[in-house]
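K.L.:
Quick one: sequence and predicted model below, then my questions.
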Amino acid sequence: MLTFIRKIPLILKKEKMLKILDKNTYSLIDVYPNKIKKFYVNVEREFRENNIARVDNRYDITRNKLRRMLKYKNVWEWDLFEKADVFWDKVKSIEANGIYDTYDIEVEDTNNYVSNGLVTHNSSLISCILPIWCTVYNKKSFILILSDTLGQASDFLADIRRELESNVRLQRDFPHACGKGSTWRVDEIVTRNDVKILALGSGSKIRGRRFGTKRPDLILLDDIENLEMVKSDTQRTDLKKWFDDDVMFVGGESGTKLDIFAVGTILGKEALLTSLVDPTKYPNFQSKVFSAVEKFSSSDLWAEWESLFTDPLDKDREVTARNFFEEHKEQMLRGTKVLWPEGDPYYDLMVNKLVNPSGFLAEKMNSPIDYTRVKVRREELHFKDFRDPYMQNLLNECPTFGAIDPSLGKNVKSGDFSAIVTMKRDKNTGLIYVPDIIMKRLDPDRQIDIILDLHEKRFFKLFGVETNAFQIILANLLRAKSRKRGSYLPIKEIQNYSDKVMRLEGIFPFIKDGTIIFDEYKYKHNRVYRNAIEQLLAYTGGKNERDDFIDALQMCFSIIRGTTFKMLTKQTGYRRRYAH
């Protein structure tokens, strides 16, 4: 218990808990249910005064006092409380502190899967603390620890051996279970209280394993797959078959209890752990996916912060960016929520996201990019620095087109994103440049204002608005406000009824061959612009994927094609010569 508290972060009173655990008895801090006290209030005077001091309404029963009571009279219920790992603290007040998920290994016939751990300490809790608890309290008889490799599973078992051998407080409270047992190997132990713990790698033979007459009654899967395994169709299929055919049926006959607890980081959309989260595939698993960031900031100051953090001319850019954050901290953190504020604060997570976006999604957000299915890779994109004087002159001569994938929701904090795209076409080469990308949660009025502001700056030759269903309302409002302003935006209504995935995929060849070119500077220094490109790089065509930017990009490109790529026909006459 002491080692556990020292290693994990506690939100409140960590120092106090450590001081408590250093004591042999806990005075009035560690007390027991009131029914024990009430039962003994009327015990004979001699016992109360001479054996255990006073037990009345002015005093509580502590662990030390309960031990003395047991010497006087051996009551099994008192013995259970005295050895329990639950502290019955006196409650002075209770206040609401939010809703949290809990997991109970003793729920009958329930398997549990936690992605990225409980408060990010999955391996410590599940592969070390949990099996120790099950061992010392004789909750389980035969425990399997399964991991990607035997070496990794053996490392988890080494932590358990170390605690049972050297944790003084654990030995004091559970002498019957601690110390070296009859079997004490790298990959297998049998404890002094006759509990077997076996470490195995994924795919190992587990069918038919026994410990005497006992079958495994607890299976702990910790990071059961690796990235290379997830990328391989064959290895994914083999792992899933092993899990379904062997792991799920390793327990004993009907009526015996087998608990399966799995933790890990989701490595891909086809991974085994992804399936465990899906109740349609594994309805007998209770699952929860954790993300380091639960609510992102909507402040535009983060875009300015990113510019400072990536400024190549400032050798102290990290310090400059940090100072900027501290100066605007309240506004930049407003509305944010993270899983572990003490260990993974929002600022550090934003640095991770900026430096390594794909790693952030995989390791921190449990939303990895499946590189085996993405439609466009980073190396297939084409960039130019639009600040270059030559590019500035070129873009000024190009006609401008635009499009919006609108959102009609009024909730700008949690609603859908709106995406507005600007394109310029070089008449001489046919190349298309993308100078502006706006992808934010915006109410309809704000969407209209941004479009009209861009029109006054860019002078759109044509602007496309999707008008499926209720989206035609935005087109009508945009047209009316444009007339009122006197800017007279030329609007093209677009109705999309074809298959969306196939329609979006039509633009990818033109992205890959360099027909469509993005702004290199904005990609590096503009947060909104880069987020849109990242959406493109993460797109696989799967269900429920965000595609706001890609949709707007495709609509804008279709407008350009419709106005420039005409079907031309040419008639050619031939003069025939005949030999005489």
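P.N.:
Alright, I've got the coordinates. Numbers count the residues shown, from 1 in each chain.

K.L.:
Now do the contacts for Gly542.
P.N.:
Lys269, Arg373 (C-beta atoms under 8 Å, 6 or more residues apart in numbering). Where C-beta positions appear, they are placed from N, C-alpha and C, glycine not excepted.

K.L.:
Sticking with it, tell me its helix or strand.
P.N.:
Using DSSP states H and E, Gly542 sits in no helix or strand.

K.L.:
Same check on Leu267?
P.N.:
Counting by DSSP H and E, Leu267 is part of no helix or strand.

K.L.:
Phi and psi next, for it.
P.N.:
phi -100, psi -10 (degrees, to the nearest 10).

K.L.:
got a list of what it touches?
P.N.:
Glu225, Asn226, Leu227, Val230, Leu273, Ala362, Pro368.

K.L.:
I'd like to know how far Phe386 sits from Asn526.
P.N.:
From Phe386 over to Asn526 the distance is 11 Å, taken as C-beta to C-beta, to the nearest Å.

K.L.:
ok, Lys281 touching Leu273?
P.N.:
No - the criterion here is C-beta atoms under 8 Å, and Lys281 misses it with Leu273 at 11.4 Å.

K.L.:
out of the two, which sits in the busier spot?
P.N.:
Taking neighbours as other C-beta atoms under 10 Å, Lys281 and Leu273 compare with Leu273 leading, 24 against 11.

K.L.:
Tell me the pLDDT of that one.
P.N.:
Note for Leu273: predicted pLDDT of 89.

K.L.:
Do I have it right that it meets Asp222?
P.N.:
No - Leu273 is not in contact with Asp222 according to C-beta under 8 Å; the separation is 11.0 Å.

K.L.:
what residues are shared contacts of those two?
P.N.:
With C-beta under 8 Å, 6+ apart, Leu273 and Asp222 have common neighbours Ala262, Gly264.

K.L.:
now His176: how far from Val195?
P.N.:
11 Å.

K.L.:
cool, and Asp499?
P.N.:
57 Å.

K.L.:
neighbour count winner among those two?
P.N.:
Each of Asp499 and Val195 has its neighbours counted (other C-beta under 10 Å); Val195 has more, 25 against 9.

K.L.:
pretty sure the more buried one is in contact with Lys139, am I right?
P.N.:
No - using C-beta under 8 Å, Val195 is not in contact with Lys139, being 9.0 Å away.

K.L.:
Below-threshold pLDDT in this structure: ranges please.
P.N.:
Filtered on pLDDT under 70, the chain yields the residue ranges 1-63, 72, 77, 80-123, 252-255, 372, 409-415, 563-580.

K.L.:
how is it carved up into domains?
P.N.:
2-83, 111-289, 293-364, 378-564 (automatic domain parsing).

K.L.:
Please enumerate the helices of the stretch 301-450 of the chain.
P.N.:
Along the stretch 301-450 of the chain, counting by DSSP state H, counting those that start in this stretch, helices occupy 301-309, 317-327, 329-333, 346-355, 357-359, 389-397, 444-458.

K.L.:
Can you check which of the ones you listed gets nearest to Asp416?
P.N.:
The closest of the helices of the stretch 301-450 of the chain to Asp416 is helix 444-458. By C-beta to C-beta, the value is 11.5 Å.

K.L.:
Taking helix 389-397 as reference, get the angle to the closest one.
P.N.:
If you take axes from the mean of the first three to the mean of the last three C-alpha atoms, to 10 degrees, helix 444-458 sits at 110 degrees to helix 389-397.

K.L.:
Can you give the strand pairings for whichever helix or strand comes after helix 444-458, parallel or anti for each?
P.N.:
Counting by DSSP H and E, the next helix or strand C-terminal to helix 444-458 is strand 460-466. Strand pairing for strand 460-466, using DSSP bridges, gives strand 400-405 (parallel), strand 491-494 (parallel).

K.L.:
Turn these into CSV, columns for distance to Leu349.
P.N.:
Listed next are the strands paired with strand 460-466 as CSV, based on distance: least, C-beta to C-beta, whole Å:
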stretch, distance to Leu349
strand 400-405, 28
strand 491-494, 38
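
K.L.:
ranking those by burial, who's on top?
P.N.:
strand 400-405 (a mean of 26; mean count of other C-beta atoms under 10 Å).

K.L.:
For it, give me every contacting residue.
P.N.:
Under C-beta under 8 Å, 6+ apart, the answer for strand 400-405 is 418-425, 436, 447, 451, 454-455, 458-466, 474, 494, 548-549, 551-553, 555-556, 559-560, 563.

K.L.:
What is the distance between it and the centre of its chain?
P.N.:
Offset of strand 400-405 from its chain centre (C-alpha atoms, centre = their mean, to the nearest Å): 33 Å.

K.L.:
Same question for stretch 385-394.
P.N.:
Going by C-alpha atoms, centre = their mean, where stretch 385-394 is centred and where its chain is centred differ by 40 Å.

K.L.:
For stretch 505-519, measure first residue to last.
P.N.:
22 Å (C-alpha to C-alpha, to the nearest Å).

K.L.:
Show me what counts as buried in that stretch.
P.N.:
Ile507, Phe508, Ile511, Lys512, Thr515, Ile516, Ile517, Phe518, Asp519 (16 or more other C-beta atoms under 10 Å).

K.L.:
Dump these into a markdown table; add secondary structure and distance to Thr234 as well.
P.N.:
Shown next, in a markdown table, are those (DSSP: H, G, I helix; E, B strand; the rest coil; distance: C-beta to C-beta, whole Å):
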| residue | secondary structure | distance to Thr234 |
| --- | --- | --- |
| Ile507 | coil | 33 |
| Phe508 | helix | 28 |
| Ile511 | helix | 31 |
| Lys512 | helix | 28 |
| Thr515 | coil | 37 |
| Ile516 | strand | 36 |
| Ile517 | strand | 39 |
| Phe518 | strand | 37 |
| Asp519 | strand | 42 |
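
K.L.:
Just put those residues in a markdown table and tack on distance to Lys440.
P.N.:
Putting the buried residues of stretch 505-519 into a markdown table (distance: C-beta to C-beta, whole Å) gives the following:
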| residue | distance to Lys440 |
| --- | --- |
| Ile507 | 22 |
| Phe508 | 24 |
| Ile511 | 22 |
| Lys512 | 27 |
| Thr515 | 27 |
| Ile516 | 22 |
| Ile517 | 23 |
| Phe518 | 18 |
| Asp519 | 18 |
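
K.L.:
Show me which of the residues you listed is closest to Val250.
P.N.:
Checking these against Val250 with C-beta to C-beta, the nearest one is Phe508 at 45.3 Å.

K.L.:
Thought Val374 was touching the closest one, still the case?
P.N.:
No - counting by C-beta under 8 Å, Phe508 does not reach Val374; the two are 10.2 Å apart.

K.L.:
List the contacts of stretch 463-472.
P.N.:
Counting by C-beta under 8 Å, 6+ apart, 401-406, 408, 451, 455, 474-475, 478, 489-497, 551, 555-556, 558-559 sit against stretch 463-472.

K.L.:
in stretch 418-426, what counts as buried?
P.N.:
Under 16+ other C-beta under 10 Å, the buried positions of stretch 418-426 are Ser418, Ala419, Ile420, Val421, Thr422, Met423, Lys424, Arg425.

K.L.:
any idea how far the last one is from Trp184?
P.N.:
In other words, Arg425. Taking C-beta to C-beta, one finds Arg425 at 74 Å from Trp184.

K.L.:
what's the answer for Thr191, then?
P.N.:
With C-beta to C-beta as the criterion, Thr191 and Trp184 are 9 Å apart.

K.L.:
Also Asn396?
P.N.:
78 Å.

K.L.:
ok, now Arg483?
P.N.:
85 Å.

K.L.:
More neighbours: the two, which one.
P.N.:
A direct count of neighbours by other C-beta under 10 Å for Arg483 and Trp184 places Trp184 higher, at 14 against 11.

K.L.:
name the element the spatially closest residue to the more buried one that is not a sequence neighbour belongs to?
P.N.:
Nearest non-adjacent residue to Trp184, counting by C-beta to C-beta, 6 or more residues apart in numbering: Arg161, 7.0 Å away. Assigned by DSSP H and E, Arg161 belongs to helix 150-166.
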